[in-house]
Every structure is written in structure tokens, then in C-alpha cells.
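Visitor: build me a model from this:
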Amino acid sequence: MTQQDMARLLDVDARTLRNWRTTKPYLYKIVMQGFEVEEVVKEAKEHYERLEKITLQPKN
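Guide: Residues are numbered from 1 along each chain as shown. Below you'll find the predicted structure:
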């Protein structure tokens, strides 16, 4: 996800997000961690669904 995409989701201008990096580093860090957590959860769900398909396949 680009910073432009993240800014859109946060309903702020991309420049604002970039400014947070230097003027509000703690806020910027929390926001970035939030996006990272969201991505990890999405990946975990995809892995779980793949594992579920594998374990539910009939044995030959």
C-alpha cells in the first residue's frame, strides 16, 4: 500500500502523512504499525484458509 493509499484511508492529505513522520514521529509510528497489523492479519487469514482447504481434502 502506498502512502497515498494510506492517506486516503485516513482521510488526510499525503503531505500530512509525510509531515507526521518528522513532526509527530510517535503518531506516524502508531499509524504505520496499524497498517502493518492489518496486513499481517490479512495474510494470516489467507494462510488459515489454505490450511483449511488442505486438511479438508479427501484422503486417497
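Visitor: now for residue 26: which residues touch it?
Guide: Listed by C-beta atoms under 8 Å, 6 or more residues apart in numbering, the contact set of residue 26 is empty. The C-beta positions use only the backbone N, C-alpha and C, and glycine is treated the same way.
Visitor: next one: phi and psi at it?
Guide: Main-chain torsions, residue 26, degrees, to the nearest 10: phi -70, psi -40.
Visitor: and for residue 11?
Guide: According to degrees, to the nearest 10, residue 11 has phi 60, psi 40.
Visitor: neighbours of it, just the number please.
Guide: Residue 11 is flanked by 7 other residues according to other C-beta atoms under 10 Å.
Visitor: for it, report the pLDDT, please.
Guide: For residue 11, the pLDDT comes out at 97.
Visitor: distance of it relative to residue 56?
Guide: 41 Å (C-beta to C-beta, to the nearest Å).
Visitor: report the contact partners of residue 31.
Guide: 6, 10, 17, 20.
Visitor: what about residue 55, neighbour count?
Guide: Neighbour count of residue 55, defined by other C-beta under 10 Å: 7.
Visitor: mind listing what's buried in the strand or helix carrying it?
Guide: Assessed by DSSP states H and E, residue 55 sits inside helix 25-56. Using 16 or more other C-beta atoms under 10 Å as the test for burial, helix 25-56 gives 28, 31.
Visitor: again, but for stretch 5-14
Guide: Buried residues in stretch 5-14 (16+ other C-beta under 10 Å): 6, 7.
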